[in-house]
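Enquirer: only geometry, no sequence info:
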């Protein structure tokens, strides 16, 4: 075997024998088993090593002297991908130095294209950073380059948590400081080949992976997990040798056995353990006020090393958070206490296909789908609550756990605005208190930063009410689990226990549109959101969900609750269906005392209820109650919108194909008769017909600003007359 020397550039496109075939090396990929790039870390010792390394490279380039950077080992696949097992740090630094030289000296892109074939498999963010960096050219007249890079639109904020990227940025700035005044860098690196290293793939050296481990001078394990275990145990040993010994045994036996059913496709538990490690450690960070750390090695040092005053306490908590799941049928536990998408007696509904929160955490914690956490903070709180029970199971009865975890479920699902990173310390503390003593904590001094205040008050009232009315527990829990309520029952109210079952039957047996009409026949149940009003939507359950939950951002919830209960009081459990709702609706429409206000029209004419979000805009509801815009968007009249009466006329079957109507009434689109110059608009007390250059008014009979004739019927007569006249003119 003859060792050969390469430069960073010449390694690409070199030929090697792989399984008897000649293979062209075309890509260098840092494998996932390697640690993050560390030469750019800001630790004192690493800074000293980095300074010495860059000085050696500078000396070589400045003095045109050749240096060799020892051996680089790794595998070359049949596809020409080189996976370094030793030499990652040196190769990454050479990649950055070649990038710096190419960009600073404006080298032709074709000559540095090989840099695009250097990548990281450790994280998607590291890989993407390398790719974007090769495309980017900074302003070399500036003192630092890292700030420029971080300011680019392709650089997301989340990359600040990638230790490899952060180390690369530090190295880039140090390279800039060291080489900014040097010239002919590219020539020295590529043409003169002043910086090289020895390399042969393991297959050509006749080495196995086991032999490689033995020859690796640092003796570190080859997987991230094994590497982490070794360092983690050393960190713990400095705090407590006894705990380190115990945890070492648990790693190999109890914890491995416990996690084995949740192993990945590679049949190992490494990723599952690391995700759960981050889950438990993040809880400690939140509760202790520490910033979250993504790098597991740094996180272990932060929380569990002798540098942390609470290290032993943290280690014991970590051990307990794993031990509590050992010797447990984990799947059976969650199935026993939780249901999926339907209500089950004695269980807490989670509204999802899987109830095993532990497995979901091991599979998804710390992972993202776009910008969304795949295991969100809400589930973190739920699993934490379960952990509190498991860790204190001898002090909490089975019945108490079922009641308390239901309270947590209710609070979690009804605190979407409150559950965020800056509140997690209080949220975790409140969760722990509820699970341990079964009481809702009183607001903390200086403001309530925990769960939603209204929901906490509801949970207190439920606890007191159930103590006096235990026979209603099953009905209350069934009501809580309704998909439109999800734990919040204030729209029905504890005082209306005879309506608990009726609510479920109403939304089970009746269409949303019929419920909408029935509620409007009882009263104005709309809610005010800033400048717009909302009622239920035909096909959008999220609208109903919002209307049935109190919030400080809406006005009118109490009125909605009152009207809903009035409707429920008119119904018998045995005959809640669309037909019986229709009888109530017709009583309203046919009652001579029913005013022809906006509710009358909304109940009578279906097109007025077609908006996607049930959202309407009145410019002046008191003075012009019939000037109504139906919005097809949730928050803006800039989207599609229609004046409701013209929209209803447009949708009358007798005018099919004869009319046209624009989608932007707020921008003054009018109803038009096709093949004519006639336009119609509806105002508070009249229709106006426009026919260039004239305008004709058709007053609507009113008394005290309320219609006493059906304006839709009047509009139809006006249109029929206009169309008849238009036909006569054509004849």
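Expert: Perfect, I can see it now. Please read these numbers as outputs of a predicted model, since none were measured by experiment. Residues are numbered from 1 along each chain as shown.
Enquirer: tell me which helix or strand residue 635 sits in.
Expert: For residue 635, there is no helix or strand it lies in under DSSP states H and E.
Enquirer: show the pLDDT at residue 206.
Expert: The per-residue pLDDT reported for residue 206 equals 46.
Enquirer: actually, residue 219.
Expert: Confidence per residue is given as pLDDT, and for residue 219 that number is 37.
Enquirer: residue 17 now?
Expert: Per-residue pLDDT puts residue 17 at 83.
Enquirer: got it, and the one 3 residues further on?
Expert: Note for residue 20: predicted pLDDT of 80.
Enquirer: residue 666 now?
Expert: The per-residue confidence score, pLDDT, reads 94 for residue 666.
Enquirer: distance check, it against residue 696.
Expert: Counting by C-beta to C-beta, to the nearest Å, the gap from residue 666 to residue 696 is 24 Å. All C-beta spots, glycine's among them, are computed from the backbone N, C-alpha and C.
Enquirer: ok, residue 571 next?
Expert: Counting by C-beta to C-beta, the gap from residue 571 to residue 696 is 48 Å.
Enquirer: repeat for residue 326
Expert: Distance check for residue 326 against residue 696: by C-beta to C-beta, it reads 84 Å.
Enquirer: pull the contacting residues for residue 155.
Expert: Contacts of residue 155 were listed using C-beta atoms under 8 Å, 6 or more residues apart in numbering, and they are 129, 132, 149.
Enquirer: nearest residue to the second one in space, please, no chain neighbours.
Expert: For residue 132, the nearest residue in space outside its immediate sequence neighbours is residue 154; the separation is 4.9 Å by C-beta to C-beta, 6 or more residues apart in numbering.
Enquirer: and that neighbour, what element?
Expert: Mapping residue 154 onto the secondary structure by DSSP H and E places it in no helix or strand at all.
Enquirer: what about it, how many residues nearby?
Expert: Using other C-beta atoms under 10 Å as the criterion, residue 154 is surrounded by 13 other residues.
Enquirer: any chance you could map the helices in the stretch 551-700 of the chain?
Expert: Using DSSP state H, counting those that start in this stretch, the helices found in the stretch 551-700 of the chain span residues 557-569, 578-590, 598-604, 644-650.
Enquirer: the bottom helix or strand of this structure by mean pLDDT?
Expert: Using mean pLDDT, DSSP states H and E, the weakest-scoring helix or strand in the chain turns out to be helix 209-215, at a mean of 42.
Enquirer: now for whichever helix or strand comes after it, which elements pack on it?
Expert: Downstream of helix 209-215, the next assigned helix or strand under DSSP H and E is helix 224-239. For helix 224-239, the elements it packs on are helix 241-252, helix 270-288, helix 296-304, helix 311-323, judged by 3 or more C-beta pairs under 8 Å, 6 or more residues apart in numbering; DSSP states H and E.
Enquirer: nearest to residue 368 among those helices would be which one?
Expert: helix 270-288 (12.6 Å; C-beta to C-beta).
Enquirer: buried ones in the closest one?
Expert: Along helix 270-288, these residues count as buried under the neighbour rule (16 or more other C-beta atoms under 10 Å): 270-287.
Enquirer: what is the end-to-end distance of stretch 349-357?
Expert: 13 Å (C-alpha to C-alpha, to the nearest Å).
Enquirer: neighbouring contacts of it?
Expert: Where contact means C-beta under 8 Å, 6+ apart, the residues beyond stretch 349-357 that reach it are 330-331, 334-335, 338-343, 360, 379, 382-383, 386, 409, 413, 481, 483, 486.
Enquirer: of these, which belong to strands?
Expert: With DSSP state E as the criterion, strands contain 338-339 from among the contacts of stretch 349-357.
Enquirer: now list the buried members of the contacts of stretch 349-357.
Expert: When neighbours are counted using 16+ other C-beta under 10 Å, the contacts of stretch 349-357 contain these buried positions: 330, 334, 338-339, 343, 360, 379, 382-383, 386, 409, 413, 481, 486.
Enquirer: ok, which pair from those residues is furthest apart?
Expert: When the buried ones among the contacts of stretch 349-357 are compared pair by pair using C-beta to C-beta, the two farthest from each other are 330 and 486, 25.1 Å apart.
Enquirer: rewinding a little: who has more neighbours out of residue 571 and residue 696?
Expert: residue 571 (19 against 13).
Enquirer: name the element the closest residue in space to the more buried one that isn't next to it in sequence belongs to?
Expert: Closest residue to residue 571 apart from its sequence neighbours, by C-beta to C-beta, 6+ apart: residue 502 at 6.0 Å. If you go by DSSP H and E, residue 502 is part of helix 500-509.
Enquirer: how far does that helix sit from the chain's center?
Expert: A distance of 32 Å separates the C-alpha centroid of helix 500-509 from that of its chain, computed with C-alpha atoms, centre = their mean, to the nearest Å.
Enquirer: go on, stretch 132-150?
Expert: Computed by C-alpha atoms, centre = their mean, the chain-centroid distance of stretch 132-150 equals 31 Å.
Enquirer: can you read off the pLDDT for residue 86?
Expert: As predicted, residue 86 sits at a pLDDT of 75.
Enquirer: closest to residue 250 among the contacts of residue 155?
Expert: residue 129 (36.6 Å).
Enquirer: and that closest one, how close does it get to residue 162?
Expert: With distances defined as C-beta to C-beta, the gap from residue 129 to residue 162 amounts to 7 Å.
Enquirer: so which bits of the strand or helix carrying residue 130 are buried?
Expert: Using DSSP H and E, residue 130 maps to helix 124-135. Neighbour-count burial for helix 124-135, counted by 16+ other C-beta under 10 Å, picks out 125-131, 133-134.
Enquirer: cool, stretch 250-263 as well?
Expert: Neighbour counts using 16+ other C-beta under 10 Å place 250-251, 254-255, 258-259, 262-263 of stretch 250-263 among the buried residues.
Enquirer: who's in contact with it?
Expert: Residues lying outside stretch 250-263 but in contact with it, judged by C-beta under 8 Å, 6+ apart, are 229, 233, 269, 272-273, 276, 319, 322-323, 325-326, 328, 330-331, 359, 362-363.
Enquirer: next one: the longest strand seen in the chain to chain centre, how far?
Expert: When the chain is scanned for its longest strand (criterion: DSSP E), the result is strand 67-76. Between the centre of strand 67-76 and the centre of its chain there are 42 Å (C-alpha atoms, centre = their mean).
Enquirer: try stretch 265-283
Expert: When distances are taken as C-alpha atoms, centre = their mean, stretch 265-283 is centred 20 Å away from the chain's centroid.
Enquirer: what does stretch 254-265 give?
Expert: A distance of 27 Å separates the C-alpha centroid of stretch 254-265 from that of its chain, computed with C-alpha atoms, centre = their mean.
Enquirer: over to stretch 712-726?
Expert: In terms of C-alpha atoms, centre = their mean, the centre of stretch 712-726 is set 53 Å apart from its chain centre.
Enquirer: skip the chain neighbours and tell me the closest residue to residue 472.
Expert: Distances taken as C-beta to C-beta, 6+ apart place residue 497 nearest to residue 472, at 5.3 Å, with adjacent residues excluded.
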